[in-house]
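Q: coords below, sequence missing:
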């Protein structure tokens, strides 16, 4: 079992729809959870950052973490064509000497005008 | 600089040649990561530097790969005797704190093509 599982299937949605992405993980030591957005031929940029379980909202973006289920989600409300990108989940255990970031494979999202 | 800088942005090399990829992290960031991203794949961890500690080299795919970080700042990833399967985007990231809790900032990557 991979440490982080993210179904890499592409996702096409009409403009204005809600985009729902998720990742599962197996390492119970993970406690820092991130979502990165990556445009074509660019480096990943941090979108959302969450510590431990709970929800975090930032504008149209909501990140959810359920550590008991080892499951994290990202929701994009009122999706825009500019949201078209690949979204990668990432997580780390934190702590000195244990800061490796483990990534999912990414979801390519296309928002159709 | 304001962000993580990587050079070159693109590199085409012949099979069997050695290549060096450079990363300039954000000033003051103590942690530095190298990742590799192949087409349709996620980010594959290669190596992690944290301050003066021994680097975590557990992700390096073979002994043809090595990396160093001089003076706690600039890092160089070296691939010897390149193979076609080494073709990928090599990403560098830096992070501010010793113990987790902060985001990693990525550079734009070096696109390596081995022909």
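A: Alright, I've got the coordinates. All values derive from a computational prediction rather than experimental measurement.
Q: low-confidence ranges in the chain?
A: In the absence of a named chain, this looks at chain A. Where chain A drops to pLDDT under 70, the residues are A:1, A:95-99.
Q: nope, chain B please
A: In chain B (pLDDT under 70), the answer is B:1, B:40, B:97-102.
Q: any idea how far the most centrally placed residue in it lies from chain A?
A: With distances taken as CA atoms, centre = their mean, the residue of chain B nearest its centroid is residue B:34 (3.0 Å). The gap separating residue B:34 from chain A is 11 Å, by CB to the nearest CB, to the nearest Å. No exception for glycine: its C-beta is placed from N, CA and C like everyone else's.
Q: In this structure that residue contacts residue B:47, no?
A: Yes. The criterion here is CB atoms under 8 Å, and residue B:34 meets it with residue B:47 at 4.9 Å.
Q: what's the overlap in contacts for the two?
A: B:67, B:77 (CB atoms under 8 Å, 6 or more residues apart in numbering or on different chains).
Q: Dihedrals phi and psi, residue A:82?
A: Backbone geometry at residue A:82, expressed as degrees, to the nearest 10, gives phi -70, psi -10.
Q: Okay, and residue 35 sits in which element?
A: No chain was given, so I picked chain A. Element membership for residue A:35, per DSSP states H and E: strand A:32-38.
Q: should've been chain B
A: According to DSSP H and E, residue B:35 maps onto strand B:31-37.
Q: in the helix or strand following that strand, what's buried?
A: Using DSSP H and E, the helix or strand that directly follows strand B:31-37 along the chain is strand B:43-50. Buried residues in strand B:43-50, counted by 16 or more other CB atoms under 10 Å in any protein chain shown: B:43, B:45-50.
Q: Can you name every helix or strand that strand B:43-50 contacts?
A: Here strand B:43-50 touches strand A:102-103, strand B:31-37, strand B:65-69, strand B:75-79, going by 3 or more CB pairs under 8 Å, 6 or more residues apart in numbering or on different chains; DSSP states H and E.
Q: Select, out of those, the one closest to residue B:19.
A: strand B:75-79 (5.1 Å; CB to CB).
Q: Quick check: buried residues in that closest one?
A: In terms of neighbour count (16+ other CB under 10 Å), strand B:75-79 has its buried residues at B:75, B:77, B:79.
Q: Quick check: closest non-adjacent residue to the last one.
A: This means residue B:79. residue B:19 (5.1 Å; CB to CB, 6 or more residues apart in numbering or on different chains).
Q: ok so, going back, could you find the closest non-adjacent residue to the residue nearest to the centre of chain B?
A: Take residue B:34 and drop its neighbours on the chain: the residue closest to it by CB to CB, 6+ apart is residue B:46, 4.2 Å away.
Q: That neighbour touches residue B:37, doesn't it?
A: No. Taking contacts as CB under 8 Å, residue B:46 lies outside contact range of residue B:37: 10.6 Å.
Q: list residues touching both of those two?
A: By CB under 8 Å, 6+ apart, the residues touching both residue B:46 and residue B:37 are residue B:90.
Q: number of nearby residues for residue A:55?
A: Look at residue A:55: counted by other CB atoms under 10 Å in any protein chain shown, it has 12 neighbours.
Q: Wasn't it part of a strand?
A: Yes. If the criterion is DSSP: H, G, I helix; E, B strand; the rest coil, then residue A:55 is within a strand.
Q: Where does the closest residue to it other than its chain neighbours fall, secondary structure wise?
A: Nearest non-adjacent residue to residue A:55, counting by CB to CB, 6+ apart: residue A:64, 5.1 Å away. Assigned by DSSP H and E, residue A:64 belongs to strand A:61-66.
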